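1. no sequence for this one, just the structure:
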């Protein structure tokens, strides 16, 4: 008999040139706190490797122009294919600018190639904090008001999307979600990964600012809701010596298809267009 275990959601966190270090560190702590498995990847990895071993690709805050400079056309294609085939893209601040077709920064317009979002990301919002300063921003998240770190991020205009949160200062979208193929795109102009009044994010950034509580829980819930909307539940039937996987295939970690009865070890399970890392114990 074989035992199949579906592991935690797998996150590819971009940590290449231009990424804001405090945001990167805080994101690692946040995802690990909620039992996500986190790999850090750079531009070379994205340019050379499909991302189908992951559930979520996170492009953090930093400098979007560096992302555009270092992630080449092959990397752009890998990101698009990842999302189109059921992955979830999470772009925070610079990662949101990078995913947008048009970036309007301090009144000047720039075209960006990834274009998961067909509209414009517009910033900074001087009424919250003129660049390069930062401040707490009040956002309306469903029926609650949350105070979240703002550090030069955008609001969003044009294209089709669902508004998750709005800036109360200007009633413009602060966090949006949209479909891209079979996947989801979540773009945030604010930094919910930063815990201003706690050291559990392993940073001291903005510790002088008042904070009304953690933003981790509601932000993780947004991501998990997106994952649950695109992922197919894999229910393996355990029987004598083999695992029938309806409409599914097994691959080893290098991407080679497994035929016949698998041995014990880690594999990628593809159900429809979605991949999940699994452990098989014989």
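-> All right, it came through fine. Quick caveat, the model's predicted, so the values are computed rather than measured. Numbers count the residues shown, from 1 in each chain.
2. which stretches in the stretch 101-250 of the chain count as helices?
-> In the stretch 101-250 of the chain, helices defined by DSSP state H, counting those that start in this stretch lie at 216-230, listed in chain order.
3. so, low pLDDT: which residues of the protein?
-> Within the chain, the ranges that satisfy pLDDT under 70 run 1-8, 230-248, 253-255, 271-279, 281-282.
4. what about residue 22, how many neighbours?
-> Burial of residue 22 is recorded as 21 neighbouring residues (other CB atoms under 10 Å). For the C-beta atoms, the positions are set from N, CA and C on the backbone; glycine is no exception.
5. what angle do the host helix or strand of it and helix 216-230 make?
-> Following DSSP states H and E, the helix or strand that holds residue 22 is helix 21-33. For helix 21-33 and helix 216-230, the angle between their directions (axes from the mean of the first three to the mean of the last three CA atoms, to 10 degrees) works out to 70 degrees.
6. for helix 21-33, packing partners?
-> Taking 3 or more CB pairs under 8 Å, 6 or more residues apart in numbering; DSSP states H and E as contact, the helices and strands that helix 21-33 lies on are strand 10-14, strand 37-41, helix 216-230.
7. compute the inter-axis angle for that helix and strand 10-14.
-> Here helix 21-33 points in a direction 180 degrees away from that of strand 10-14 (the same axes, to 10 degrees).
8. distance check, the nearest residue to residue 93 once chain neighbours are set aside against residue 18.
-> Of all residues beyond its chain neighbours, the one nearest residue 93 is residue 61 (3.5 Å), with distances taken as CB to CB, 6 or more residues apart in numbering. Residue 61 is 10 Å from residue 18, where distance means CB to CB, to the nearest Å.
9. more neighbours: which of these two?
-> Legend: neighbour count by other CB under 10 Å for residue 61 and residue 18, higher for residue 61 (31 against 20).
10. tell me the spacing between the more buried one and residue 94.
-> Residue 61 is 5 Å from residue 94, by CB to CB.
11. same question, residue 162
-> Computed with CB to CB, the distance linking residue 162 and residue 94 is 22 Å.
12. for those two, indicate the residue with more neighbours.
-> Set side by side, residue 162 and residue 94 show unequal neighbour counts under other CB under 10 Å, the larger going to residue 94 at 29 against 11.
13. and residue 175, how many neighbours does it have?
-> Per other CB under 10 Å, the neighbour tally for residue 175 reads 28.
14. can you work out which residues contact both of residue 61 and residue 94?
-> Shared between the contact lists of residue 61 and residue 94 (criterion: CB atoms under 8 Å, 6 or more residues apart in numbering) are residues 19, 20.
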